[in-house]
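Asks: got a structure for you, letters missing:
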């Protein structure tokens, strides 16, 4: 149960980083 919660938390963090990276790439592409 605890391991599942930890995995879910890691997936949430990875998803957040992915969205943040996509936002940065989109912003840089808009500047260029």
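Replies: Noted; the coordinates are in hand. What you see is a predicted model, and the numbers here were worked out from it, not measured in a lab. Residues are numbered from 1 along each chain as shown.
Asks: Please enumerate the helices of the protein.
Replies: Under the criterion DSSP state H, the chain carries helices at the ranges 2-31.
Asks: Tell me where the model's unsure across it.
Replies: 1-7 (pLDDT under 70).
Asks: Quick check: residue 12 vs residue 29, distance?
Replies: 26 Å (Cβ to Cβ, to the nearest Å). The way it works is simple: take the backbone N, C-alpha and C, and place the C-beta from them, glycine included.
Asks: To clarify, my last question referred to residue 17.
Replies: Distance, residue 17 to residue 29, using Cβ to Cβ: 18 Å.
Asks: what about residue 18, neighbour count?
Replies: For residue 18, the neighbour count with other Cβ atoms under 10 Å is 10.
Asks: typo on my end, residue 9
Replies: Neighbours around residue 9, by other Cβ under 10 Å: 10.
Asks: can you check residue 30 too?
Replies: 7.
Asks: what's the answer for residue 17, then?
Replies: 10.
Asks: likewise residue 25?
Replies: Counted with other Cβ under 10 Å, residue 25 comes out at 10.
Asks: Can you tell me how far it is from residue 9?
Replies: For residue 25, the distance to residue 9 - Cβ to Cβ - is 25 Å.
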